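> Sequence below, structure please.
(2 chains)
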Amino acid sequence: MGKKLFRGGVHPHDEKERTASLPVVDAGLPERLFLPVSQHIGAPAKPIVTKGDKVLGGQVVAEAAGFVSVPIHASTSGTVRSVAPYAHPLGAEQLAIEIEVDGEDTFVEAEGPMEPIADPFNHDPNEIKTRILAAGIVGMGGATFPTHVKLSPPPEIGIDTIILNGVECEPFLTADHRLMLDRPDDIINGLKVILAIFGLDSGFIGIEKNKPDPIALMQDKAASLGGVEVKPLEVRYPQGAEKQLIHAISGRDVPSAALPMAVGTVVQNVATAVAIWEAVTQGKPLTSRICTVTGDGVKEPKNLLIRTGTPIGYLIEQCGGLTDDIAKVIMGGPMMGLSQYTLDVPSTKGTSGLLCLPASQVRTEPQKSCISCGRCVSSCPMGLSPTTIYNFIDADRVAEADEWDTLDCIECASCSYVCPAGIPLVQYIRYAKGRVLARRRQLGT
Amino acid sequence: MKPTLYITSSPHVFDGDSVSKIMWTVSAALLPSALWGFYLFGLPALAVTALCVAFSAIFEAVAQKLRGREVTIEDGSAVLTGLLLAMNLPAAAPWWLCVFGAATAVLLGKQVFGGLGHNPFNPALVARVVMLISFPVEMTDWTVSSGVLADAVTAATPLGEAKTFLMSPERGQLPQVALMDLFIGMRPGSIGETSTLLLLLGAAVLYVRRIITLDIPLGFIAALLAVTIPAYMLAPDKYLSPQLHLMTGGLMLGAFFMATDMVTSPLNGKGRLVFGIGCGLITAIIRLWGGYPEGVSFSILLMNSTVPLIDRYTKPRKFGFVPVKKGGEA
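Down below sits the predicted model:
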């Protein structure tokens, strides 16, 4: 298994120095929490509480609605004030459960379906997966795909490689960095639970070389705990993208339009591994996570331990508030994060960062004509030609956009990052994807 | 008070380069060669350059006004076109020819297609070739009335001499030029093409700034050598040496500054290599067997016309691409 760097990619300034050395601090409890029923890819969860209900922390307030779905748990104790549409990080309003926090922070007992499992490395894999589902665990790197689904490939597919993603290639973010420093044992144990599901002995953890302290620590722990090989990786965005990570660690290329399981691989984020460990051994559902609040638009950047459903305005207050010249608040990192229109938006299971940018760092110039410099082509980690797709879709030539592999785009935004004409290429490609899919449906293919 | 927040799609950070930075950097990289041209050919060279640059900018502004578009002189694109045009002209070019050239470059070469980014052909070369065909006498007037070369050389370029000899051996001879003079640029020619040294210096700047990649110039030079080396080895009394081919005419200027024009060259490395090789082959064919002494401009323009085709057939290999084997199995 040779280490290989993927083609393409970009080198944004990593900007992590603001928070890389800051320990995680508890953000505390806001007065109100808003738990969106859609915090994962797949069917939104179905609320099972109504206005006036008293809830405890860890209590299920919305249950999974189908296989590709997970339940939502109250992240502290309080009273349900409403179940109604509310601001959501994706932009449009979505159903959310509003909880008036009582401040007691009482949690339900871990019993029944959440009873701690004594020997998780020698337990029935299906029960472990059921537990992971019951704990509402999703991919915490940002994609929020239900973890139990990823751990349940069809039986005919053999999985031989488990990779934990500690790359954190998004600039500014240090949530995984701090997690690896604070909880290396739990990460490795979480990995071992995953390995046990597939009957494997050893897995990998990939970390970019710009994080030497977690690399050293994880290597130490790997030596004493076993079961994991730490792979320091070249620093290049998007090294943390699933296909690029697999390529770097195992040299395998996930075929176009296929999932990592096609090359016998399962990738999980390091935070997801910790969530799995807590769910299995302590019966804890996923109700909190680490979030980096950073950027020059917030007064005191911090790594916060946050409850799911905390309005981002509250989190920003815990960091001294926004600067006067604030222009953008982004949920996630600067490459793939979503800019928010209101600070009322609640955090979700996938909120790894809040990036606050002042006006001086926000680009507002209109796009210019493409000068065919080809930089988007050489930066594309998927080997696509973004400007060609842009030209086709701009001319409504959907068939050609499809021919030029629009659907292979992973939306890493490297093309837009390098475009000297300021063309929002990745946004055009997102649009093209919708058009291409619609056309394929129409043609019945 | 609630802050006013901008909403845009990702990404939210950028590498900071821009079209205008690129254009101005290319102009700056040409400056040493231009200054050398002024030194060699004196004030007329400066006047030709000033006229070409000024009128390119003026015509750009006029065309954009007429088209009801924003005037974008400050993006440096028209200035660069004017500068490149001047670098391709003899210092003795009359003022009206410069104005005509600027009009051709900006209006016919660029604005009729929709402005920056939309032109299929290198605008400065469109103008140069139109001028060469329309005004062959003025365009090959290499007399030097001032500057350091004023009294030193005859009014013929090395390539011109070679072509004359090739066409009618009784009327001339193969030129004898010191290689060091060629490298430094002590020779007649177009204003900006003479000094290989200074052109390479400018090209190095463009390479470091990631404005050019080396596939086009190297493909260009390699293909030229692939023809001129065997030709010279077979008939050294008939053809110029490969070293002379490299350092005479507009080769260095063309390979590093004209063929590499982003707008009119292919999008990816493989395509750019094909493009460069095509330029080199056509240049060699014209120089050795064509009617014109120099073929750099023609070769680049001809290859410009193939760019859409090259782009289509050099689609990059996508990640995770599984080639379909014969029999239909992946």
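> Sketch out the helices for chain A, chain order is fine.
A:125-134, A:147-150, A:175-182, A:184-197, A:212-225, A:242-250, A:270-282, A:312-317, A:375-379, A:386-394, A:398-403, A:414-418, A:425-443 (DSSP state H).
> Kindly compare burial across the ones you listed and name the winner.
helix A:414-418 (a mean of 28; mean count of other Cβ atoms under 10 Å in any protein chain shown). The C-beta positions use only the backbone N, C-alpha and C, and glycine is treated the same way.
> before we move on, the earlier item: next, format the helices of chain A as JSON lines and append mean pLDDT and distance to B:P94.
Putting the helices of chain A into JSON lines (pLDDT from 0 to 100; distance: least, Cβ to Cβ, whole Å) gives the following:
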{"stretch": "helix A:125-134", "mean pLDDT": "95", "distance to B:P94": "82"}
{"stretch": "helix A:147-150", "mean pLDDT": "95", "distance to B:P94": "74"}
{"stretch": "helix A:175-182", "mean pLDDT": "97", "distance to B:P94": "67"}
{"stretch": "helix A:184-197", "mean pLDDT": "96", "distance to B:P94": "77"}
{"stretch": "helix A:212-225", "mean pLDDT": "95", "distance to B:P94": "66"}
{"stretch": "helix A:242-250", "mean pLDDT": "94", "distance to B:P94": "59"}
{"stretch": "helix A:270-282", "mean pLDDT": "96", "distance to B:P94": "72"}
{"stretch": "helix A:312-317", "mean pLDDT": "96", "distance to B:P94": "67"}
{"stretch": "helix A:375-379", "mean pLDDT": "96", "distance to B:P94": "41"}
{"stretch": "helix A:386-394", "mean pLDDT": "97", "distance to B:P94": "41"}
{"stretch": "helix A:398-403", "mean pLDDT": "96", "distance to B:P94": "48"}
{"stretch": "helix A:414-418", "mean pLDDT": "97", "distance to B:P94": "44"}
{"stretch": "helix A:425-443", "mean pLDDT": "96", "distance to B:P94": "46"}
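> could you dump these to CSV with distance to B:M252?
Formatted as CSV, the helices of chain A follow (distance: least, Cβ to Cβ, whole Å):
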stretch, distance to B:M252
helix A:125-134, 64
helix A:147-150, 56
helix A:175-182, 49
helix A:184-197, 57
helix A:212-225, 45
helix A:242-250, 39
helix A:270-282, 53
helix A:312-317, 57
helix A:375-379, 25
helix A:386-394, 29
helix A:398-403, 38
helix A:414-418, 28
helix A:425-443, 34
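> Serialize those helices to TSV and add fields for distance to chain B.
Shown next, in TSV, are these (distance: least, Cβ to the nearest Cβ, whole Å):
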stretch	distance to chain B
helix A:125-134	27
helix A:147-150	18
helix A:175-182	18
helix A:184-197	24
helix A:212-225	24
helix A:242-250	6
helix A:270-282	21
helix A:312-317	9
helix A:375-379	5
helix A:386-394	7
helix A:398-403	9
helix A:414-418	5
helix A:425-443	4
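> List just the one of these that sits closest to B:A47.
helix A:375-379 (37.0 Å; Cβ to Cβ).
> Put the alpha carbons of the closest one into PDB.
Output in PDB follows, covering the C-alpha atoms of helix A:375-379 (Å, rounded to 0.1, in the frame of the first residue of the first chain):
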ATOM      1  CA  ARG A 375      -6.400  26.500 -13.400                       C
ATOM      2  CA  CYS A 376      -9.700  25.000 -12.500                       C
ATOM      3  CA  VAL A 377      -8.800  22.000 -14.600                       C
ATOM      4  CA  SER A 378      -5.500  21.500 -12.900                       C
ATOM      5  CA  SER A 379      -6.900  22.100  -9.400                       C
END
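> how far is it from where the chain is centred?
Its chain's average C-alpha position is 25 Å from that of helix A:375-379, according to Cα atoms, centre = their mean, to the nearest Å.
> Which element, helix or strand, includes B:F59?
Assigned by DSSP states H and E, B:F59 belongs to helix B:43-66.
> What of B:L225?
helix B:215-234.
> circling back: which secondary structure elements does the helix holding B:F59 sit against?
Contacts defined by 3 or more Cβ pairs under 8 Å, 6 or more residues apart in numbering or on different chains; DSSP states H and E place helix B:43-66 against helix B:19-41, helix B:77-87, helix B:95-103.
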